[in-house]
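Trainee: Give me a model of this one.
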Amino acid sequence: MVVLWLWLCVVSFGFWCVAATGDDDVSVGDQDDIRNNDAIQQIIQMYNMGQQEFEMGNLDNAAFIFKKLVKAVPEFSAGYIGLGVVYEKQKDFGAAFETFSKARRKFPKDFDVAMALCRFGASILNSRVSNDHLKSTATIVKACKSASKINPSDVEAMAMYGNLLVLLMRFEEASPILEKTVKFSEGSSTHFQNMMNLVLCNLRGGMIDHVIDNLNAIQRAHPNDPAIHHLIGSTRSIIFANDRKSIDELVHGLNIDTNKYNLRDPVFCPSGKWKLVMNWTDAASPNIETQLLNPLSASTIYKSSEPVRIFPATTVMDPYFTEYAERYLFMVNFKNKASMWKREGLLSSPCTFYSASQMWNVEIDKDRGDQRFMKTVKVTGRVASTLPLKNLGNYYHWMVEGLIRVAYYQDLFFDDPEYSDVKLLIPTANKQGFVQESLKLLGIDKSRLLPYTAEDNERWLFKDDFYLMDWISPKDEPVGSLQNDAWSPFYPPKEGLEKLRSKLHQALSKHSPGYDSDTKKIVFVSRTAGKSVRSIINEDHVLNGLVAEFGKRNVLIHTGKESLTKQLLMFAKAKAVVGAHGAGLANLVMCTPGTPLVMFPMEPHVDRSFGHLATALDLPQWIVSNVTSYYYGNYGVVSQAQIETIVTSVGMALGAIPLDENKVSVGTRKAATKAEVSITQKVQRGRGRKRKRRRKRGRRIKSREEL
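Mentor: Numbering: from 1, shown residues only. This is a model prediction of the structure:
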């Protein structure tokens, strides 16, 4: 879904709070050893030279000057800060961390030095860059806390400290600090962003009453800020299931962002007037060809049996759909000048952005137009792309979105000598290696791979044919299971899932002949307690219960650390799959039709990705209604009664335990109310009682009336 990234106060040239613009402004570091005004002038001149080189994008020159400054005047703290910032911009994060840390040791009471290290750490944690560059998060927390103590009235220091705690998932500590920043920044240009960060903190922490109050307050204070639409849409998508208003807000926000976007460039958009296309039927142009791949199945309805819900059933699953309209599948060919922007790979052609199958889940930001550090990488030769994907390093998005595209490219390109030159654009290498392993399993030669390695200061320009297999939802689908679900862009087409399952089973037959004759077992999908959301703290007790009932030889534990091939074999031979909403369930694509899924739902159950997979792949669904978690929360410690319910559910799903009609409900109950009220209107009645009932991991929202 749309990720609410923390807003971090960083001015555009990256030097943040370092002030060195005049004789009297040099206030950073200990200047006791600077003997005369001439020396001060030379230091300022050298510092400004380094800053100017940085501004012009000459990072090597800037680094040379700041190194020289640090060596010549080691007591001048701004030199260390400048050098650290240059290293960060050069992506040398290890050197940046060491430089900022060295400055902290040398100037422990220097506010600007503490803030520089604090900002750097928060920026790394807030990005999709590996956190391995931070050798100690405790060092970062100490720097942020120190900055707040050195200058307790500085709002930015408060905000950075609170935001860092959010990034470390210490929400209860962060919330009061961020509330303070909101109060202190009232009337300033940072007030709106501080309010947004407070919403994110409370949303991630499951403090839903506070979220509702925060959103009401932010709309009262900043009703005309265009970013309010993204905030409302993203927040509602977490706390309301099947909520059309979430989509409307997100789409409205994207349209505003696109209309405001004014990058003028002779290659990418000479006019500077951009538009956003969310439907391939609207993409027609002389340089773009589109071909519908499934004219017979597009918009037809596919469905599965209703889920079996184990009592005590609640409205947590309502509405729960088991009918969907098949997507329109397209092969799109950009004849030239297709481009992808930054690390996330936003697709464009001249003056046009394409959200494609991601629909309202893309980001169009003003930083895309920062020409000082933006590099253009030109790619020659024909390319077939597995991108765009919402999260390039996410197992689910690769396995059931990226690989579906690969399955079609195999049929259309890779087996045809006419297309022997076509390269496959893939996400860059990931730690787990699942991208490369899946392609090897499918027989894609390594020589045909083109890893997408773009950084946030790069855009790739494809000079020749750029092929993209993609899909869109029908505009007038009758069921309402797609058009009203903010998460539906992540529900792949049934035809694509079935094609992928077939190809993966064929590949496994070559890799492990006779695998399908092995004894089938129950697969329990583990989520590491303390490191994952939606995990069970006493997961070992659940496993003990399953083993006691079905035998140790009949229960396998999926951890996600296995090789890709081993994971696929595990699910291909599963006689039942048990687990919570999480990327590991993407392996359901390997399950044979009829394999039951016993799932622990969310509360509210906003994302139906795995319920949809089960429907599309003909996997019966069993819902353990009394084991629930908030989207960003955990299942906590499950009771013995809950464990017995899980074991009984698996037994009934397998037919090993007789179906007890007193304990199950087939189908869904009456859907939750559709009432809509402006978020500026609080619900006064019952709020005190609701706060008392609030649980730490987040409570169920029974109605949309509160937001």
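
Trainee: All the strands of the stretch 401-550 of the chain, residue numbers only.
Mentor: 423-427, 449-452, 458-462, 466-472, 521-525 (DSSP state E, counting those that start in this stretch).

Trainee: export these to CSV and tack on distance to Met169, mean pLDDT and mean neighbour count?
Mentor: From N, CA and C alone the C-beta is placed, and that goes for glycine too. Below are the strands of the stretch 401-550 of the chain laid out as CSV (distance: least, Cβ to Cβ, whole Å; pLDDT from 0 to 100; neighbours: other Cβ atoms under 10 Å):
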stretch, distance to Met169, mean pLDDT, mean neighbour count
strand 423-427, 25, 95, 22
strand 449-452, 29, 95, 16
strand 458-462, 30, 94, 20
strand 466-472, 34, 96, 24
strand 521-525, 22, 97, 22
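
Trainee: Take the ones you listed and write them to JSON lines, including distance to Pro601.
Mentor: Output for the strands of the stretch 401-550 of the chain, formatted as JSON lines (distance: least, Cβ to Cβ, whole Å):
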{"stretch": "strand 423-427", "distance to Pro601": "30"}
{"stretch": "strand 449-452", "distance to Pro601": "35"}
{"stretch": "strand 458-462", "distance to Pro601": "40"}
{"stretch": "strand 466-472", "distance to Pro601": "26"}
{"stretch": "strand 521-525", "distance to Pro601": "14"}
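
Trainee: Span of stretch 585-595 from start to end?
Mentor: 13 Å (Cα to Cα, to the nearest Å).

Trainee: Show me which residues of that stretch are buried.
Mentor: For stretch 585-595, burial by neighbour count (16 or more other Cβ atoms under 10 Å) applies to Leu585, Ala586, Asn587, Leu588, Val589, Met590, Cys591, Thr592, Thr595.

Trainee: hmm, back to that, looking at the strands of the stretch 401-550 of the chain, which is closest to Val542?
Mentor: With Cβ to Cβ as the measure, strand 521-525 is the member of the strands of the stretch 401-550 of the chain nearest Val542 (7.5 Å).

Trainee: quick one: strands adjacent to that closest one?
Mentor: Using DSSP bridges, strand 521-525 pairs in its sheet with strand 555-558 (parallel), strand 574-580 (parallel).

Trainee: quick one: contacts of it?
Mentor: Taking contacts as Cβ atoms under 8 Å, 6 or more residues apart in numbering, the residues outside strand 521-525 that touch it are 542-543, 546, 550, 553-558, 570-571, 573-580, 582, 584-585, 650, 654.

Trainee: Please apply the same query to stretch 547-565.
Mentor: Residues outside stretch 547-565 that contact it (Cβ under 8 Å, 6+ apart) are 395, 432-434, 437-438, 441, 508, 511-512, 521-526, 528, 543, 546, 567, 570-571, 574, 579, 583-584, 587, 647, 650-651, 656.

Trainee: okay, the strands paired with strand 521-525 in TSV with distance to Phe120, mean pLDDT and mean neighbour count next?
Mentor: As requested, those are exported to TSV (distance: least, Cβ to Cβ, whole Å; pLDDT from 0 to 100; neighbours: other Cβ under 10 Å):
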stretch	distance to Phe120	mean pLDDT	mean neighbour count
strand 555-558	37	96	18
strand 574-580	35	97	25
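
Trainee: right, and these - which one's nearest Phe111?
Mentor: strand 574-580 (44.6 Å).

Trainee: end-to-end on stretch 358-365?
Mentor: 16 Å.

Trainee: swap in stretch 415-426?
Mentor: End-to-end distance (Cα to Cα), stretch 415-426: 19 Å.

Trainee: Tell me if Leu231 really is in a strand.
Mentor: No. Leu231: not assigned to a strand; according to DSSP: H, G, I helix; E, B strand; the rest coil it is helix.
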